[in-house]
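K.L.:
what follows is a predicted protein model with its sequence.
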Amino acid sequence: MQKQIFQTAPNENANKRTQVQYNRRARHEYAIEETFDAGLSLVGTEVKSIRQGQVALQDAFCKIEKDEVWIYNMHIAPFEHGTIWNVEPRRKRKLLLHRREIEEIRSEMDTKGSALIPLSLYFQHGYAKVELGLGKGKKLFDKRDDLHKKDIDREMRRELSERSK
């Protein structure tokens, strides 16, 4: 008699990332070299507003102050059903990173003159998180080169799809 081994299916929702907001302008304005995931320190009504998608990352940036990373200018709209617990929409918020990650970011920012930019905001395991990008600002000709490459790729895909028909 053979012994049957049953394997449980891995939980499909275990590592599911629910994207809330994506900063399209960040990858256009900056050449991202490295990315980090950071938690956000939020108030309850802010979490509710983020779940409704009432957040903007376009003008947001990050700074390191006293061995802590802070995100500035991220707009989280006040929760419509909140009362006195609503907070200022553009207040600075603390980012939760490991000490070694903060030191790595600090050294990169000091030596290379890089900037720390929020790329996207998402939920993972019920926690709001921010994907941060460490990169340098692009010059105008770099942006033009990227647009030219995208146009060429689009043309190639169009040609390939027409040939396959």
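P.N.:
Nice, thanks for sending it over. Residues are numbered from 1 along each chain as shown.
K.L.:
what helix or strand is I64 on?
P.N.:
strand 61-65 (DSSP states H and E).
K.L.:
now do the buried residues in that strand.
P.N.:
Neighbour-count burial for strand 61-65 flags 62, 64 (criterion: 16 or more other Cβ atoms under 10 Å). All C-beta spots, glycine's among them, are computed from the backbone N, C-alpha and C.
K.L.:
average pLDDT for the very next helix or strand once past that strand?
P.N.:
Using DSSP H and E, the helix or strand that directly follows strand 61-65 along the chain is strand 68-72. Mean pLDDT, strand 68-72: 93.
K.L.:
name the helices or strands packed onto whichever helix in the chain runs longest?
P.N.:
Using DSSP state H to assign secondary structure, the helix with the most residues in the chain is helix 140-164. Contact partners of helix 140-164 among helices and strands, from 3 or more Cβ pairs under 8 Å, 6 or more residues apart in numbering; DSSP states H and E: helix 24-29.
K.L.:
CA atoms only: put the helix it packs on into PDB for me.
P.N.:
Provided in PDB are the C-alpha atoms of helix 24-29 (Å, rounded to 0.1, in the frame of the first residue of the first chain):
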ATOM      1  CA  ARG A  24       4.400  57.800 -13.500                       C
ATOM      2  CA  ARG A  25       6.500  60.900 -13.500                       C
ATOM      3  CA  ALA A  26       9.200  59.500 -11.300                       C
ATOM      4  CA  ARG A  27      10.700  57.100 -13.900                       C
ATOM      5  CA  HIS A  28      10.400  59.800 -16.500                       C
ATOM      6  CA  GLU A  29      12.300  62.400 -14.400                       C
END
